[in-house]
Each structure stands twice: as C-alpha cells, then as structure tokens.
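Asks: what's the 3D shape of this:
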Amino acid sequence: MKGIYIGMLVAIFLLSACSPGAGEGGLLNLGQVLSMNPDADYVELENGEVYTHGAEWVNEKNLTKGERIAEVEKGMASDLPAGTALYESEEIPAILIAVYDGKTKRYHLAMGE
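Replies: Next comes the predicted model:
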C-alpha cells in the first residue's frame, strides 16, 4: 500500500511539473498556448502576456472598455487585423476588449496551473 501511495505522489509531481504555466506563476507563454491548441485565437502583448479568445464565460460578463493599452501590429495576433485597438476591461483587468471594423472581441489572460 505504501508503494502505491508513493507512486501516486511521484505521478502527481511529474504531471504538475509538466503542466502549462508550471514554474511561471501560472501565466502561459505563446508556445504553451499553441501546444495545447494549435488553432488558438490569441493576442500576444509586448510584455509577453498572451490572451486567448473563445471562453464562453468571458462573453457572458457585462464589461466596460477601460484604458487603451495597445494596438495590434503585424504578427502580434492570430485573427485580429493590424490596427485593432486593445482595451483593458474596467471590471476584470485580465480581459482585453479588441475593437476593429465595428466589431468587438474579448480575450482573457492565458493561465495554467
């Protein structure tokens, strides 16, 4: 029984060491995001923070555009055109609001375990 318990602890340790964001304060880098989803709709800011689109809960929130923090440049985003304005959400700073061509998309900060 003791051997099974030790084996389970080793497995948990190995899995947690390989989890996306492990050892990085939970933030995922672009490589980690793309390894989990090669077709991810993402935005990567100059500081290396990666935000992804597609989480249903983000669209269910009533959010207000806050401070404009960036403008998308070529190669910075997978599905947003260059020139897209990026705003921080006033209510949840870990959510970006992208505005372009009369459209709005929301992206949340990519975080692991």
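Asks: Every contact and neighbour count from this point should use C-alpha atoms.
Replies: Will do.
Asks: Which residue is the nearest non-sequential neighbour of G48?
Replies: N29 (6.9 Å; C-alpha to C-alpha, 6 or more residues apart in numbering).
Asks: Who are the contact partners of that neighbour?
Replies: Residues in contact with N29 (C-alpha atoms under 8 Å, 6 or more residues apart in numbering) are G21, G48, E49, V50, A110.
Asks: which of those residues has the weakest pLDDT?
Replies: Among these, G21 carries the lowest pLDDT, at 50.
Asks: where exactly do the helices run in this structure?
Replies: 2-17, 30-36, 56-60 (DSSP state H).
Asks: Contact partners for the closest residue to H108 other than its chain neighbours?
Replies: Of all residues not flanking H108 in the chain, I95 sits nearest, at 4.4 Å (C-alpha to C-alpha, 6+ apart). With contacts defined as C-alpha under 8 Å, 6+ apart, I95 is in contact with Y51, V58, E88, S89, R106, Y107, H108, L109.
Asks: and with 10 Å instead?
Replies: 51-53, 58, 63, 65, 87-89, 106-110 (C-alpha atoms under 10 Å, 6 or more residues apart in numbering).
Asks: Name the nearest residue to N59, ignoring sequence neighbours.
Replies: Nearest non-adjacent residue to N59 (C-alpha to C-alpha, 6+ apart): R106, at 6.9 Å.
Asks: residues in contact with Y51?
Replies: Listed by C-alpha under 10 Å, 6+ apart, the contact partners of Y51 are 27-30, 33, 40-45, 77, 94-96, 106-111.
Asks: And I69, by the same measure?
Replies: L45, A85, L86, Y87, E88, L96.
Asks: any weak-confidence spans in this protein?
Replies: Low-confidence segments of the chain (pLDDT under 70): 1-25, 113.
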